[in-house]
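Visitor: sharing a sequence plus its predicted fold:
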Amino acid sequence: MPGAGPRRRVDPRRRLGVAGEDAVVRWYEHAGYEVLDRNWRCRDGELDLVVIRGDTLVFCEVKTRAISRFGAPFEAVTTTKQRRVRNLALRWLAQHDVHRRTLRFDVASVTRTAADELAVEVLEGAF
């Protein structure tokens, strides 16, 4: 096609990460949560998911892995990462009108199964 630029190659890891986040969104929606924000960014980092159900506001860190060679996805959420997510949650709260809520921090683990499907496990109140 004349004038068309070079094709961009999509990183397979990025594609898997997006598919994992999509699967976690479906998990939360099926459980009755409303997604308030996805991939919310500020200069200090990014929150993967912010969801709400009733009076509970949840900040969820999503970790997706194709293989478990490097450990379970949950293991990637170190104390340093937990501290960063908490600080980002404070920044998010400062920009949104969601007072008097119960806050919870979840970690969602997404792994690819032998059948090439995505398995979602959510650890509620992980930190």
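Guide: Sure thing, it's come through.
Visitor: next, count neighbours for residue 47.
Guide: 21 (other CB atoms under 10 Å). Using the backbone N, CA and C atoms, a C-beta is placed for each residue, glycine as well.
Visitor: that one is in contact with residue 90, isn't it?
Guide: No. Applying CB atoms under 8 Å as the test, residue 47 and residue 90 come out as separate, 10.8 Å apart.
Visitor: pull the longest helix from this protein.
Guide: helix 12-30 (DSSP state H).
Visitor: so for that helix, mean pLDDT?
Guide: In this model, helix 12-30 has a mean pLDDT of 92.
Visitor: the following helix or strand past it: partners in the sheet, and parallel or antiparallel?
Guide: Proceeding N to C from helix 12-30, the next assigned helix or strand is strand 34-42, under DSSP states H and E. As defined by DSSP bridges, the strand partners of strand 34-42 come to strand 45-53 (antiparallel).
Visitor: now residue 80: how far from residue 67?
Guide: Between residue 80 and residue 67 the computed distance is 24 Å (CB to CB, to the nearest Å).
Visitor: same question, residue 105
Guide: For residue 105 relative to residue 67 (CB to CB), the value is 26 Å.
Visitor: looking at those two, which is more packed in?
Guide: residue 105 (18 against 7).
Visitor: what about the more buried one, which SS state?
Guide: Taking DSSP: H, G, I helix; E, B strand; the rest coil as the rule, one finds residue 105 in the strand state.
Visitor: what's the weakest-modelled helix or strand in the protein?
Guide: Ranking every helix and strand in the chain by mean pLDDT, DSSP states H and E puts helix 12-30 at the bottom, with a mean of 92.
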